[in-house]
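> got a predicted structure here, sequence first:
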Amino acid sequence: MIINERPPNFEQIKVAFPRAENPGVLFAYGDRIYNPSGIVVPPALIAHEEVHLNRQRSAGPTPGSTTQWSGAELWWQRYLEDSEFRYHEELLAHVAEFKALKAGDRNASARLLMSTALRLVAPLYNYQPPRSMRQAMKDLRSLI
């Protein structure tokens, strides 16, 4: 379900990601895709966000953890605090987005891979340390 509102944890998101208020930024939380700017959401972005929703549903505490959180709350806590976790989650979602776009010939596929890698390493995600385009290309190729 897509709703034109901010997710319940938007204030926390803004602290970690100042660009989260930009038009067109979507958020998966629980069983909903939040679309604060009310854009038309293309199928490839729905596929991207559905990966996050599915991953949130299966999120549980790691062994030895003392948290009582699970699901979306736990997933978002890790996403906001752990850059490595965030990159891995975005990598999986960007792979789904790439596959949903289904490029035609080899050249179109190469262009799509490059544009997907650019989005994966975008400043929006605030990876620390920042991820390189080269690493993103390599990681995407390994999963596609």
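That came in fine, so what should we check first?

> all helices for this protein, in order.
10-16, 43-57, 71-81, 83-101, 106-120, 133-143 (DSSP state H).

> distance to residue 32 and mean pLDDT added to those, as a markdown table?
For glycine as for every other residue, the C-beta is placed from the backbone atoms N, C-alpha and C. Listed next are those as a markdown table, based on distance: least, C-beta to C-beta, whole Å; pLDDT from 0 to 100:
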| stretch | distance to residue 32 | mean pLDDT |
| --- | --- | --- |
| helix 10-16 | 13 | 95 |
| helix 43-57 | 8 | 96 |
| helix 71-81 | 9 | 92 |
| helix 83-101 | 16 | 97 |
| helix 106-120 | 22 | 95 |
| helix 133-143 | 26 | 97 |
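
> looking at these, spot the one closest to residue 2.
Shortest distance between residue 2 and these, using C-beta to C-beta, is found for helix 43-57: 7.6 Å.

> can you list the neighbours in contact with that closest one?
Under the contact criterion C-beta atoms under 8 Å, 6 or more residues apart in numbering, helix 43-57 has outside partners 2, 26-33, 41, 71-72, 75-76, 89, 92-94, 96-97, 99-101.

> which one is residue 16 nearest to, not counting chain neighbours?
Once flanking residues are discounted, residue 16 sits nearest to residue 80: 4.7 Å by C-beta to C-beta, 6 or more residues apart in numbering.

> how close does the spatially closest residue to residue 24 that is not a sequence neighbour get to residue 129?
The spatially closest residue to residue 24, leaving aside those adjacent along the chain, is residue 39, at 5.2 Å (C-beta to C-beta, 6+ apart). Noted for residue 39: a distance of 31 Å to residue 129, by C-beta to C-beta, to the nearest Å.
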